[in-house]
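A.B. asks: Got a predicted structure here, sequence first:
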Amino acid sequence: QKEVEQNSGPLSVPEGAIASLNCTYSDRVSQSFFWYRQYSGKSPELIMSIYSNGDKEDGRFTAQLNKASQYVSLLIRDSQPSDSATYLCAVYGGSQGNLIFGKGTKLSVKP
Amino acid sequence: EPEVTQTPSHQVTQMGQEVILRCVPISNHLYFYWYRQILGQKVEFLVSFYNNEISEKSEIFDDQFSVERPDGSNFTLKIRSTKLEDSAMYFCASSEHRAGEKLFFGSGTQLSVL
């Protein structure tokens, strides 16, 4: 069984700070990596995708991928209370042809 | 902005009853999926569907489950004889390109089996 692991949190940061969310995956041949945001009682919403090693920036969000370490991270700069949600790491490819989700990290941004 | 639409938003049923959950994927998307999320747990893959047939299914997707695309727009998940443990939020998703890429999720159907 291929796994995606995340610290469940909660991760609490003050408004304006940088939030750092981490994810590891077990299938070395995974190809595509995603971060979804899920507000309580709502569906997952795609916020970032990354396919190659290094950093990818989109506004206040930066995704980082290190395939050698099987590690994906998401940085949220200038965190806002509206960023308070559960962040799901999802991995695609390898021996399983479907998207595998981690359990998510709950982020709380305090005003 | 195009979106995936799911109905109903809530479904309450008695154990042993059949339920059908409905989804309208984004119109130009080719790949369709059902996922479920039991309260407090991770989003779990059930089944993927492409070119009018199942392309992959998980261990959860046993003989009690079936999917269908009855027309050009709807995508349904049927649970033939519901169990208590089927209670969960069921999400439909679709993607434009190859399976697993950039899934867009519907708002979900909360299924409660009593």
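C.D. replies: Perfect, I can see it now. Numbering: from 1, shown residues only, chains lettered A, B, ... in the order given.

A.B. asks: Tell me the helix or strand right after the strand or helix carrying B:S48.
C.D. replies: Assigning secondary structure by DSSP states H and E places B:S48 in strand B:43-50. Using DSSP H and E, the helix or strand that follows strand B:43-50 towards the C-terminus is strand B:53-57.

A.B. asks: Give the full set of residues in contact with B:Q14.
C.D. replies: Shown in contact with B:Q14 (CB atoms under 8 Å, 6 or more residues apart in numbering or on different chains): B:82, B:113-114. To be clear about C-beta, it is placed using only N, CA and C from the backbone, and glycine gets the same treatment.

A.B. asks: what's the spacing between it and B:S95?
C.D. replies: Separation of B:Q14 from B:S95 (CB to CB, to the nearest Å): 34 Å.

A.B. asks: How about the residues of chain B by chain A?
C.D. replies: B:33, B:41-45, B:48, B:55-56, B:58, B:91, B:99-108 (CB under 8 Å from any CB of the partner chain).

A.B. asks: Any stretches of chain B with poor pLDDT?
C.D. replies: Within chain B, the ranges that satisfy pLDDT under 70 run B:99-100.

A.B. asks: So what would you say the end-to-end distance of stretch B:89-101 is?
C.D. replies: The straight-line separation of the ends of stretch B:89-101 (CA to CA, to the nearest Å) is 22 Å.
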